[in-house]
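# Predicted model follows, preceded by the sequence.
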Amino acid sequence: MKQLLFVCIFALSLFAADHAVAKESSTLIYWEDLLPPGYDADAILEKHQADLERLDQLPDESEEGQKLLQKILDSFNASPMNQKWNHKPIRLDGFLAPLDIENGKIVRFLLVPYFGACIHVPPPPTNQTVLIETAPGQAIPVEQADYAFVVEGTLEIESSKTDIGSAGYRILNAKTTIDREGTWLEPQN
């Protein structure tokens, strides 16, 4: 009888542990959720209106144009992060900007809100970029680098600079899955 009681108590403790883990499950967030309350990107653009007008008049890749673009990007990168999500388990859909590849698999990358960011176009602001380090067994085959992915893990506010862009957030030991539902586009109301 003692053994049966022990087995029942053990099973109940496992159920309680599973229930506690379920309470800590991740929340699906959208890119706009990473912006802090009251954040106004339009105010930053208005501040640089003269720079933008001058930029339109310059030839592509001009030195002056590059300096103006960097000045504008620096203003966006000085934007704050949303503290609400710091140390919270989340799921976020986006695209990859690969950083480190091992054995034909992407193990470290920037997660960004649109395809081609950091590679073909200027990088998004730091409050719209997440540095991802995959968990063991979660690396992404290089041939899937163009796919949208759902990344799951604990979001942390931490600034980091890479060769292709800067991030204001990071997720270590991230789980990754191909985004087959397209939920990364916009929240459905």
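It's in. Numbering: from 1, shown residues only.

# okay, CA-based contacts and neighbour counts for the rest of this
Fine.

# same question for stretch 140-156, mean pLDDT?
Averaged over stretch 140-156, pLDDT sits at 96.

# measure it end to end?
Start-to-end span of stretch 140-156 (C-alpha to C-alpha, to the nearest Å) is 21 Å.

# Give me the contact list for that stretch.
26, 85-98, 101, 104-107, 115, 169-179, 182, 184 (C-alpha atoms under 8 Å, 6 or more residues apart in numbering).

# Kindly report the same for stretch 95-112.
If you take C-alpha under 8 Å, 6+ apart as the criterion, stretch 95-112 is touched by 94, 113-119, 124, 128-134, 138-142, 145-149, 162, 167.

# helices and strands of the chain: which one bottoms out on pLDDT?
Taking mean pLDDT, DSSP states H and E as the measure, the chain has helix 2-23 as its least confident helix or strand, at a mean of 36.

# before we move on, the earlier item: among the contacts of stretch 95-112, which ones are buried?
Buried members of the contacts of stretch 95-112, scored by 16 or more other C-alpha atoms under 10 Å, are 94, 113-115, 117-118, 124, 128-134, 138-140, 145, 148-149, 167.

# Quick one: the strands in this protein, in order.
27-28, 88-102, 105-112, 130-134, 140-141, 148-161, 166-178 (DSSP state E).

# Of the ones you listed, which is nearest residue 65?
strand 166-178 (20.3 Å; C-alpha to C-alpha).

# show me what contacts the most centrally placed residue in the chain?
By C-alpha atoms, centre = their mean, the chain has its centre lying nearest to residue 130, at 3.1 Å. Shown in contact with residue 130 (C-alpha under 8 Å, 6+ apart): 110, 111, 112, 167, 168, 169, 170, 171.

# One more pass at 7 Å, please.
Shown in contact with residue 130 (C-alpha atoms under 7 Å, 6 or more residues apart in numbering): 110, 111, 112, 167, 168, 169, 170.

# Look at it and report its pLDDT.
Confidence score, pLDDT, at residue 130: 98.
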